[in-house]
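Engineer: Any chance you can model this:
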Amino acid sequence: MQALNSVLGAIAVLIVYSIATRLFAGEFDALLVAGLFAFSGTSWKFATDADAYIPSILLLLMAACLLLPGERARPVLVALIHTGAMLFHELAVLFVVPAVVGLHAQAGGDRKSVIKYLALAFTLTSAALLPYCDGTVGSH
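Structural biologist: Numbers count the residues shown, from 1 in each chain. Coordinates of the predicted model:
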C-alpha cells in the first residue's frame, strides 16, 4: 500500500497541475501550485504512508476536474467518483459542498443535475455502508 500511495500521490500532483493549467493563464503559476501541493508536508507524509487518504484525494481531484468552469455538468460521473472517494475515507463527504456548487454553476442554475448527483451519491454510499451499520459485519 505504501508503494501504491507513492504512485497515486505522483498522479495526484499531475492532476493538480492539470487543474491549475486550466484555471491559471501562466505555466509558471500551474507549476507553482503543483509544486506546493507536491511538497506540502501533509501531501508528502500521506503519499509515503500506507493510509487510505491518497486514493481518496486522488478520486476527489478527478471529480474536481469534472467540476471546472467550462465543462458540461456530469452529475452521474461526479457521484460515482465521489462515492469511491467516500468509501476510501469518510472525510471525503465534505466534498459534497464543492460538488454541489460546481454542478449548479455548470448547469446554469438548473437544480436537476445537483439533485441527480446528491441522490446517486447518497444511495450508492448508503448501500455500500449499510451492512456495517448493524454491527454484525466483521464481528466474530
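
Engineer: give me the low-pLDDT residue ranges for this structure?
Structural biologist: Counting by pLDDT under 70, the low-confidence segments of the chain come to 43-51, 134-140.

Engineer: give me the element the residue nearest to the spatial centre of the chain is part of.
Structural biologist: Within the chain, one residue has its C-alpha closest to the average C-alpha position: by Cα atoms, centre = their mean, that is Leu60, at 0.7 Å. Assigned by DSSP states H and E, Leu60 falls within helix 53-66.

Engineer: starting at the chain centroid, how far to that helix?
Structural biologist: 3 Å (Cα atoms, centre = their mean, to the nearest Å).

Engineer: how many neighbours does the nearest residue to His104 once chain neighbours are set aside have?
Structural biologist: Nearest residue to His104 in three dimensions, chain neighbours excluded: Val114, at 5.3 Å (Cβ to Cβ, 6 or more residues apart in numbering). In short, each C-beta sits where N, CA and C put it, glycine included. Using other Cβ atoms under 10 Å, Val114 is surrounded by 20 other residues.
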